[in-house]
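Asker: coordinates only, sequence not included:
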């Protein structure tokens, strides 16, 4: 089976989907005996529920996962047991705190008014197109750094050549990690040892992460250590970075580096990707955009940025976002290995040597999961008969994972995306100006990005 995999490695997500459709949702991949790349690929919701929820303890991240994502060290998505529980106990209360949510709303509003609007207005006045995916990546980087580190790198600006090194490092990192899922471990470790191809870029990306994060962490640590009794707390004293430094003084600085690099990458990648696919689908489905705009005009009477509370009333926008996530999940797959031999609900036997891939991208495109119209963009499938949002079980819609490891940033993602999307739709008309492709081209990355960007032309609404 290896030749077929290698031949389709540049379209791996669609290739997996095609194979799963033919195999009833679960496929056993057998590689050469010496390569140790036997895999079980499953998009069966019952299997996903068993792995992520019912038998969660038998499917930790494990050493294989840590090897693949070694650049994130001891970050939350990389660890198990006590260290994972420590992350959850520290981070979850902070992200659920009213101050964190208020700061998030303020940061998004300020970044749109001072960063996004000037950029979009500039290109609207020029009458030229813009790569909206790149704009969303820069905006997400600035917002993530502001929210987690109290530092705005200022990467969002009118000049499209003014790139930030951290953005390129994140891009190189997620591109390399995809191939670690496909290549035998010996191959990519050999490439890493000799500094070849994507592994060389991943090593350089790790150095960029260090050069960006360590000075920020050291500066904040020094400020806290030099604080005198009774001294007035700075404005960021209750921020995420300060709280982690004070709660983990016994931990090495690398632990903080790993923690916040995970936060930054997760924030940049998921928000930028989901916004990109949402706007692509809206541009291709103007009737959906028109319904969202109708709801917006019924609600909004001024030219300011939407607030989180206002976005709660935009049910159809929420449904459209869920539908775009179903078709284009920012993280298109999850990887697990069992501790002990297990039998999945589908009847497949998995052993500690079996690598299990759950392709969330493929799950959203299987008739057995979503019906015959699974390839259509239909926000209505998320609207209940009473007009509210129809909830789907997380193992059927595992965009934010499922079970104990459900993403703690889910509410944050929904708030940010709806604030940004609603405000842009209210202020601008937009249309695609890119060449027509019969099939959307995906980048070769563990993150679901659109190959060659999203070229869009904006016109200010009167």
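Answerer: Arrived safely, thanks for sending. Note that this is a predicted model, so its numbers are computed, not measured. Residues are numbered from 1 along each chain as shown.

Asker: C-alpha from now on. contacts and neighbour counts both.
Answerer: Noted.

Asker: assign residue 335 to helix, strand or coil.
Answerer: Following DSSP: H, G, I helix; E, B strand; the rest coil, residue 335 is assigned to strand.

Asker: from now on call the first residue 282
Answerer: New numbering, starting at 282: the last item is residue 616.

Asker: so what pairs up with it in the strands?
Answerer: Per DSSP bridges, the residues bridged to residue 616 are residue 638.

Asker: measure how buried the nearest residue to residue 580 once chain neighbours are set aside is and give me the count.
Answerer: Spatial nearest neighbour of residue 580, chain neighbours left out: residue 591 (7.8 Å); criterion: Cα to Cα, 6 or more residues apart in numbering. By the criterion of other Cα atoms under 10 Å, residue 591 has 15 neighbours.

Asker: what's the distance between residue 591 and residue 548?
Answerer: From residue 591 across to residue 548, the span is 23 Å (Cα to Cα, to the nearest Å).

Asker: in the stretch 382-531 of the chain, which segments are predicted with low confidence?
Answerer: 441-442, 509-519 (pLDDT under 70).

Asker: try 80 this time
Answerer: Low-confidence regions of the stretch 382-531 of the chain, defined by pLDDT under 80, span residues 440-444, 459-460, 462-465, 508-519.

Asker: which secondary structure elements does the biggest helix by length in the chain contact?
Answerer: Using DSSP state H to define each element, the chain has its longest helix at helix 534-565. In terms of contact count using 3 or more Cα pairs under 8 Å, 6 or more residues apart in numbering; DSSP states H and E, helix 534-565 is assigned the packing partners helix 413-430, helix 478-506, helix 567-580, helix 596-608, helix 691-708, strand 709-713.

Asker: save the ones you listed as a markdown table, and put in mean neighbour count and distance to residue 362 too.
Answerer: As requested, the helices and strands packed on helix 534-565 are exported to a markdown table (neighbours: other Cα atoms under 10 Å; distance: least, Cα to Cα, whole Å):
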| stretch | mean neighbour count | distance to residue 362 |
| --- | --- | --- |
| helix 413-430 | 24 | 24 |
| helix 478-506 | 16 | 25 |
| helix 567-580 | 15 | 43 |
| helix 596-608 | 23 | 29 |
| helix 691-708 | 19 | 22 |
| strand 709-713 | 18 | 47 |
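
Asker: chain center to the longest helix of the chain: distance?
Answerer: Relative to the mean C-alpha coordinate of its chain, helix 534-565 is positioned 4 Å out (Cα atoms, centre = their mean, to the nearest Å).

Asker: got the angle for it vs helix 478-506?
Answerer: 120 degrees (axes from the mean of the first three to the mean of the last three Cα atoms, to 10 degrees).

Asker: flag every buried residue along helix 534-565.
Answerer: Neighbour counts over helix 534-565 (16 or more other Cα atoms under 10 Å) mark 534-564 as buried.

Asker: on that earlier part again, for the helix or strand containing the residue nearest to residue 580, name the packing helices and strands.
Answerer: Following DSSP states H and E, one finds residue 591 within helix 589-592. Helices and strands touching helix 589-592, by 3+ Cα pairs under 8 Å, 6+ apart, are helix 691-708.

Asker: quick one: the helix it packs on to chain centroid distance?
Answerer: The chain centre lies 15 Å from the centre of helix 691-708; the measure is Cα atoms, centre = their mean.

Asker: what sits against the closest residue to residue 435 other than its chain neighbours?
Answerer: Among residues not flanking residue 435 along the chain, residue 423 sits closest, at 6.1 Å (Cα to Cα, 6+ apart). Applying Cα atoms under 8 Å, 6 or more residues apart in numbering to residue 423 gives the contacts 432-437.

Asker: and with 10 Å instead?
Answerer: Counting by Cα atoms under 10 Å, 6 or more residues apart in numbering, residue 423 makes contact with 388-389, 392, 396, 417, 431-437, 545, 548-549.

Asker: please apply the same query to residue 445.
Answerer: Neighbour list for residue 445: 419, 422, 434-437 [criterion: Cα under 10 Å, 6+ apart].

Asker: swap in residue 561?
Answerer: 413-414, 555, 605, 711-713, 731, 735-737.

Asker: for stretch 305-314, buried residues please.
Answerer: Within stretch 305-314, the residues that count as buried by 16+ other Cα under 10 Å are 306-308, 310, 312.

Asker: returning to what we had before: neighbouring contacts of the helix holding residue 591?
Answerer: 382-383, 385-386, 577, 580-581, 598-599, 695-704.

Asker: now do the longest helix of the chain, average pLDDT.
Answerer: Per-residue pLDDT values across helix 534-565 average out to 94.

Asker: how much space is there between residue 310 and residue 620?
Answerer: In terms of Cα to Cα, residue 310 sits 20 Å off from residue 620.

Asker: likewise for residue 743?
Answerer: Applying Cα to Cα to residue 743 and residue 620 gives a distance of 60 Å.

Asker: comparing these two, which residue is more hemmed in?
Answerer: A count of neighbours by other Cα under 10 Å puts residue 620 above the other of residue 743 and residue 620, at 17 against 6.

Asker: and the pLDDT at that one?
Answerer: Here, the pLDDT recorded for residue 620 equals 94.

Asker: that one: what's it in contact with?
Answerer: Applying Cα under 10 Å, 6+ apart to residue 620 gives the contacts 338-343, 631-635.

Asker: filter these down to just the ones in strands.
Answerer: residue 631 (DSSP state E).

Asker: got the contacts of residue 620 as CSV, with neighbour count, pLDDT and distance to residue 298 columns?
Answerer: CSV is the format used below for the contacts of residue 620 (neighbours: other Cα atoms under 10 Å; pLDDT from 0 to 100; distance: Cα to Cα, whole Å):
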residue, neighbour count, pLDDT, distance to residue 298
338, 14, 94, 28
339, 18, 96, 26
340, 21, 94, 23
341, 19, 90, 25
342, 18, 84, 24
343, 15, 80, 26
631, 19, 94, 21
632, 14, 92, 24
633, 14, 90, 25
634, 15, 84, 24
635, 20, 88, 20
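
Asker: now a PyMOL select for only the buried ones of the contacts of residue 423.
Answerer: Restricted to buried positions by 16+ other Cα under 10 Å, the PyMOL selection for the contacts of residue 423 reads:
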select buried, resi 388+389+392+396+417+431+433+434+435+436+437+545+548+549
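
Asker: and of the contacts of residue 423, the nearest to residue 359?
Answerer: Among those, residue 545 lies closest to residue 359 (Cα to Cα), at 14.4 Å.

Asker: quick check: the residue lying closest to the closest one once chain neighbours are set aside vs residue 704, distance?
Answerer: Nearest residue to residue 545, sequence neighbours excluded (Cα to Cα, 6+ apart): residue 425, at 5.6 Å. Separation of residue 425 from residue 704 (Cα to Cα) stands at 19 Å.

Asker: ok, residue 626 next?
Answerer: In terms of Cα to Cα, residue 626 sits 45 Å off from residue 704.

Asker: and the residue most central in space within the chain, what does it touch?
Answerer: Nearest to the geometric centre of the chain sits residue 551, at 2.2 Å (Cα atoms, centre = their mean). Residue 551 makes contact with 418, 421, 557, 610-612, 694, 728-730, according to Cα under 10 Å, 6+ apart.
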